[in-house]
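Peer 1: using only what follows, build the 3D model:
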Amino acid sequence: MSKFTGVAILLLLSFSTKAQKGNEIAGKAYNLYRFFEKQHYKPVVWNDSSSSRFFSAIMEDADEWKLVFTKEDVKKLEVFRYNIDDEITKKGHVFIDAFGRIYRERLRTADSTMELVLTQKADLAKSEQIIFPFADYAADKKELFNRNLAYYKWRVLGNLADTLVKLKEKYKPAPGTVPPEVTALAAAELQSLKKAFDFNKLKARDAAAFDKAVGELYLRHISRLYDPHSDYMNFADKQQFESQVSATEYSAGIIYDKNSSAEWEIVRLVPGGPAWRSGELHEKDIIVSVKNGNTKDIQTRDLSEEQVDELIDGNAEERVTLTVKSTAGTQKTVNIVKEKLSSDADIVSSFVLEGNKKIGYIQLPGFYSNLDGESTGASCAEDVAKEIIKLKKDNVDGMILDLRNNGGGSMQEALELAGIFINEGILGMIKDNKGKVMNLRDPNRGTIYDGKLMILVNGASASASELTSAVLQDYNRALIVGGNTYGKGSAQIVLPLDTADNVNPQTKGEDFVKVTMRKFYRVNGTTVQWRGVVPDIVIPDIYQQEDIKERNEPQALLPDSIAKRTYNSLLPAPVADLAAASAARVTQNRYFTKINNFLTWSATKKQPRTIPLKWDQYATYYQTRNVALKDMEAADENVATAFKPGNNSIDKERAGFLSQQGKDINAYRVSTLQKDLFLNEAYQVMLDWINQTK
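Peer 2: I've put the predicted structure just below:
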């Protein structure tokens with residue numbers, strides 16, 4: 001056989017393999033399209049407009065900060081902008097082939113750039129600047145290279161400032177100089193960045209892994225074009241999630257994964273686990289560092305999954321301290337005591353806030369449901385009802401149910417929870433993808449508590465927690481206090497991607513889809529979708545930023561209305577008077593002033609800004625720009641609250657039988673309530689309400 005013939009055969013085999021992979025992704029994309037046509041609440045019409053939106057979304061996801069593609073790359077891909085709909089609906093794969101090829105080439109270029117950066121010392125004395133975010137893609141490879149150099153220098157400076165400026169509150173950089181400690185730390189930071197960058201670099205080097213990642217990126221963006229909560233999942237993702245949830249070893253109860261920035265991000269808190277009960281950790285928080293027992297604080301960005309697992313989880317009962325950064329941008333430290341996660345029993349607890357009046361307090365950080373929305377065995381409503389019975393024995397004058405940061409769960413749990421406060425009636429409606437509307441009725445007649453009830457919410461209260469809040473607000477059964485909620489009024493279910501014309505029968509059952517099939521409506525005919533629940537009494541909270549709400553999602557389902565139902569609401573509370581009194585206190589409260597200043601600052605985060613890349617100039621810039629953030633993170637240790645929190649009388653009797661670990665957990669939760677200035681304002685609103693209705 002001639003050399004030419006041998007080469008030809010190799011090329012043919014290579015082409016055949018790539019074509020086979022392209023056909024496989026195209027087949028899955030077509031099946032996904034057909035699946036959503038049948039199952040989604042409001043199927044997308046695939047045309048030039050939806051094709052263009054898909055193109056913009058996948059390009060932004062692949063290169064959000066315009067550090068990967070050049071203008072020439074984008075020009076080559078732009079020819080597909082209005083044709084992707086035809087590829088998806090006709091099993092084509094020319095776009096995804098071209099996208100994957102160019103994307104891999106550019107990631108390799110970024111890899112080479114990073115390697116070069118690491119061979120040099122960061123020149124922190126050189127006067128440079130960067131305007132970020134970049135307005136457009138780099139004109140050519142040279143500009144892209146220089147842009148990456150500047151960007152990584154900024155990353156080094158940012159990490160240095162986090163270390164030095166935050167540790168030394170009165171840090172004053174000497175003009176024109178770079179202290180030796182800064183130079184030494186800069187070298188270490190470059191190595192840290194390399195380890196973080198390896199997470200993405202490996203995807204570009206491993207052809208099979210890269211092809212799989214690009215294919216799944218393509219499928220996920222097809223799903224997300226329908227709405228932000230629909231998604232594609234492979235079997236491994238679903239299996240790993242379920243195995244983590246069912247763990248029974250000593251654990252903090254945190255499920256985490258690396259995000260696209262190579263940061264360890266919390267993706268779920270196990271219901272009833274220590275982290276869940278703390279109420280201070282939330283999905284999408286970034287784990288910045290971990291301190292386990294008496295060990296030193298360890299930054300997580302350099303750690304492997306095994307190393308993070310070893311620090312956070314294990315088989316020993318010991319304290320773990322996490323430093324996390326929230327989606328709002330604030331950073332805090334949370335202490336967790338690991339426990340054996342074997343049961344959902346006793347995962348809700350109640351406290352008594354004693355001051356001028358005795359107020360019961362119940363915190364519910366999340367509902368008990370798994371990925372498929374199925375119950376984990378315990379009942380949210382039953383557990384809350386048990387705590388209410390305890391509080392009633394203490395003759396409380398009112399109750400507060402805290403749903404702040406509650407990301408939701410199953411609709412059934414939300415209805416059952418609302419139902420224990422409402423005698424009977426229609427609680428809301430759901431509409432399916434066929435347009436059929438079904439009434440949601442109170443599953444149980446009667447109530448367990450008829451006194452004054454307040455629901456606390458914020459911008460991170462979503463889904464099922466919004467359903468519960470909306471029902472109680474519509475019936476005038478509870479006073480809703482806090483911030484406007486997230487705005488998710490849809491329901492999802494996870495189903496296998498399984499159609500009659502599956503391109504590869506051997507892969508049957510390996511692909512899953514989380515699909516939005518229904519939308520929830522309030523009994524008055526409106527929906528919380530996109531709008532959220534507007535509280536009766538507004539208290540500022542850090543989760544009121546527009547860019548972290550449902551309505552900021554380009555593909556979010558829009559709000560609409562259906563015919564309202566007949567229902568018997570109670571007489572409304574004196575909302576106007578209570579709101580005016582609260583607003584007067586909030587205006588004079590330094591804590592809420594800090595929150596409002598932070599919200600103003602955070603609105604500028606994504607606006608183009610000129611950033612100096614010389615150490616002394618950057619340190620000054622960092623201190624000036626982060627005044628609001630630093631002020632927000634500063635503890636208000638000396639601010640007095642109007643109440644003293646403690647256990648209910650039944651739990652006090654049981655306290656003597658608690659282990660030392662249990663006593664530590666309880667003491668920590670009580671101390672957290674004592675420092676909660678948001679809760680303090682809610683308590684005072686409750687006092688006003690009680691006093692106005694004597």
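
Peer 1: measure residue 426 to residue 420 for me?
Peer 2: Distance of residue 426 to residue 420, given as CB to CB, to the nearest Å: 16 Å. Just so you know, the C-beta spots here come from the backbone N, C-alpha and C atoms, and that holds for glycine as well.

Peer 1: higher neighbour count, the two?
Peer 2: Neighbours were counted for residue 426 and for residue 420 using other CB atoms under 10 Å; residue 420 has more, 19 against 16.

Peer 1: how about the more buried one, nearest residue that isn't a chain neighbour?
Peer 2: residue 448 (4.8 Å; CB to CB, 6 or more residues apart in numbering).

Peer 1: that neighbour: what's it in contact with?
Peer 2: Applying CB atoms under 8 Å, 6 or more residues apart in numbering, we find residue 448 in contact with 385, 388-389, 420-421.

Peer 1: which phi and psi does it have?
Peer 2: phi -110, psi -20 (degrees, to the nearest 10).

Peer 1: look up how far residue 87 lies from it.
Peer 2: Distance from residue 448 to residue 87, by CB to CB: 56 Å.

Peer 1: which residue is the nearest non-sequential neighbour of residue 617?
Peer 2: Of all residues not flanking residue 617 in the chain, residue 127 sits nearest, at 7.5 Å (CB to CB, 6+ apart).

Peer 1: ok, the one you found touching residue 614?
Peer 2: Yes. Contact status for residue 127 versus residue 614: in contact at 4.9 Å, counting by CB atoms under 8 Å.

Peer 1: and these two? which has more neighbours close in?
Peer 2: More crowded of residue 127 and residue 614, by other CB under 10 Å: residue 614, with 22 against 11.

Peer 1: the more buried one against residue 123, yeah?
Peer 2: No. Look at residue 614 against residue 123 with CB under 8 Å: they stay out of range, at 9.0 Å.

Peer 1: for residue 423, what are its contacts?
Peer 2: Listed by CB under 8 Å, 6+ apart, the contact set of residue 423 reads 442, 445-447.

Peer 1: distance to residue 48, neighbour count and pLDDT added to the residues you listed, as a markdown table?
Peer 2: Shown next, in a markdown table, are the contacts of residue 423 (distance: CB to CB, whole Å; neighbours: other CB atoms under 10 Å; pLDDT from 0 to 100):
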| residue | distance to residue 48 | neighbour count | pLDDT |
| --- | --- | --- | --- |
| 442 | 47 | 20 | 88 |
| 445 | 54 | 11 | 87 |
| 446 | 56 | 10 | 91 |
| 447 | 55 | 15 | 95 |
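
Peer 1: if we take those residues, which one ends up nearest to residue 579?
Peer 2: residue 447 (26.2 Å; CB to CB).

Peer 1: that closest one belongs to a helix, doesn't it?
Peer 2: No. Per DSSP: H, G, I helix; E, B strand; the rest coil, residue 447 lies outside any helix segment and is coil.

Peer 1: now it: how far from residue 164?
Peer 2: 57 Å.

Peer 1: how about residue 597?
Peer 2: 24 Å.

Peer 1: between those two, which is the more surrounded one?
Peer 2: A count of neighbours by other CB under 10 Å puts residue 164 above the other of residue 597 and residue 164, at 18 against 15.

Peer 1: for the more buried one, which three-state class applies?
Peer 2: Residue 164 is classified as helix under three-state DSSP.

Peer 1: residue 629 and residue 332 touch, don't they?
Peer 2: No. Assessed by CB under 8 Å, residue 629 is found out of contact with residue 332, at 11.8 Å.

Peer 1: can I get stretch 641-649 in PDB? Just the C-alpha atoms.
Peer 2: Extracted in PDB, the C-alpha atoms of stretch 641-649 (Å, rounded to 0.1, in the frame of the first residue of the first chain):
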ATOM      1  CA  THR A 641     -31.900  44.200  69.100                       C
ATOM      2  CA  ALA A 642     -35.400  44.600  70.600                       C
ATOM      3  CA  PHE A 643     -35.600  40.900  71.600                       C
ATOM      4  CA  LYS A 644     -33.700  38.100  73.200                       C
ATOM      5  CA  PRO A 645     -33.900  34.800  71.400                       C
ATOM      6  CA  GLY A 646     -34.200  31.500  73.200                       C
ATOM      7  CA  ASN A 647     -35.500  28.000  72.900                       C
ATOM      8  CA  ASN A 648     -39.200  27.200  73.300                       C
ATOM      9  CA  SER A 649     -40.100  25.600  76.700                       C
END
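
Peer 1: what sits up against that stretch?
Peer 2: With CB under 8 Å, 6+ apart as the test, stretch 641-649 has contacts from 350-356, 359-361, 387, 390-391, 393-394, 652, 655, 666, 670, 673-677, 679-680, 683-684, 687.

Peer 1: A strand includes residue 145, no?
Peer 2: No. Under three-state DSSP, residue 145 falls outside any strand and is assigned helix.

Peer 1: please parse this structure into its domains.
Peer 2: 19-226, 249-340, 352-425+440-489+524-588+639-692 (automatic domain parsing).

Peer 1: number of residues surrounding residue 227?
Peer 2: By the criterion of other CB under 10 Å, residue 227 has 25 neighbours.

Peer 1: how much space between residue 644 and residue 44?
Peer 2: Counting by CB to CB, the gap from residue 644 to residue 44 is 55 Å.

Peer 1: the two: who's more crowded?
Peer 2: Each of residue 644 and residue 44 has its neighbours counted (other CB under 10 Å); residue 44 has more, 19 against 12.

Peer 1: tell me the contacts of the more buried one?
Peer 2: Contact partners of residue 44, counting by CB under 8 Å, 6+ apart, are 36, 50, 225-226.

Peer 1: how about residue 414?
Peer 2: Neighbour list for residue 414: 367, 408, 464-465, 467-468, 471 [criterion: CB under 8 Å, 6+ apart].

Peer 1: could you export stretch 570-581 as CSV, CA atoms only?
Peer 2: Output of stretch 570-581 as CSV, limited to C-alpha atoms (Å, rounded to 0.1, in the frame of the first residue of the first chain):
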residue,chain,number,x,y,z
LEU,A,570,-59.8,37.9,55.9
LEU,A,571,-59.8,41.6,56.7
PRO,A,572,-56.5,43.2,55.8
ALA,A,573,-53.9,44.3,58.3
PRO,A,574,-53.3,48.1,58.7
VAL,A,575,-50.5,47.8,56.1
ALA,A,576,-50.1,51.6,55.3
ASP,A,577,-49.6,52.6,58.9
LEU,A,578,-47.2,49.6,59.6
ALA,A,579,-45.2,50.4,56.4
ALA,A,580,-44.9,54.1,57.3
ALA,A,581,-43.6,53.3,60.8
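
Peer 1: give me the nearest residue to residue 393, chain neighbours excluded.
Peer 2: In space, residue 393 is closest to residue 649, 6.2 Å off (CB to CB, 6+ apart).

Peer 1: so how far is residue 221 from that neighbour?
Peer 2: Note on residue 649: its distance to residue 221, by CB to CB, is 55 Å.

Peer 1: check residue 69 too.
Peer 2: From residue 69 to residue 221 the distance is 16 Å (CB to CB).

Peer 1: check residue 300 too.
Peer 2: In this view, residue 300 and residue 221 are 28 Å apart by CB to CB.

Peer 1: then residue 349?
Peer 2: According to CB to CB, residue 349 stands 42 Å off from residue 221.

Peer 1: so between the two, which is more surrounded?
Peer 2: Remark: of residue 349 and residue 221, residue 221 carries more neighbours, 22 against 19, as counted by other CB under 10 Å.

Peer 1: distance of residue 669 relative to residue 617?
Peer 2: When distance is defined by CB to CB, residue 669 is 45 Å away from residue 617.

Peer 1: before we move on, the earlier item: what is in contact with residue 629 and residue 332 at once?
Peer 2: With CB under 8 Å, 6+ apart, residue 629 and residue 332 have no common neighbours.

Peer 1: quick one: pLDDT of the residue lying closest to residue 552 once chain neighbours are set aside?
Peer 2: Of all residues not flanking residue 552 in the chain, residue 546 sits nearest, at 5.6 Å (CB to CB, 6+ apart). Note on residue 546: pLDDT of 83.
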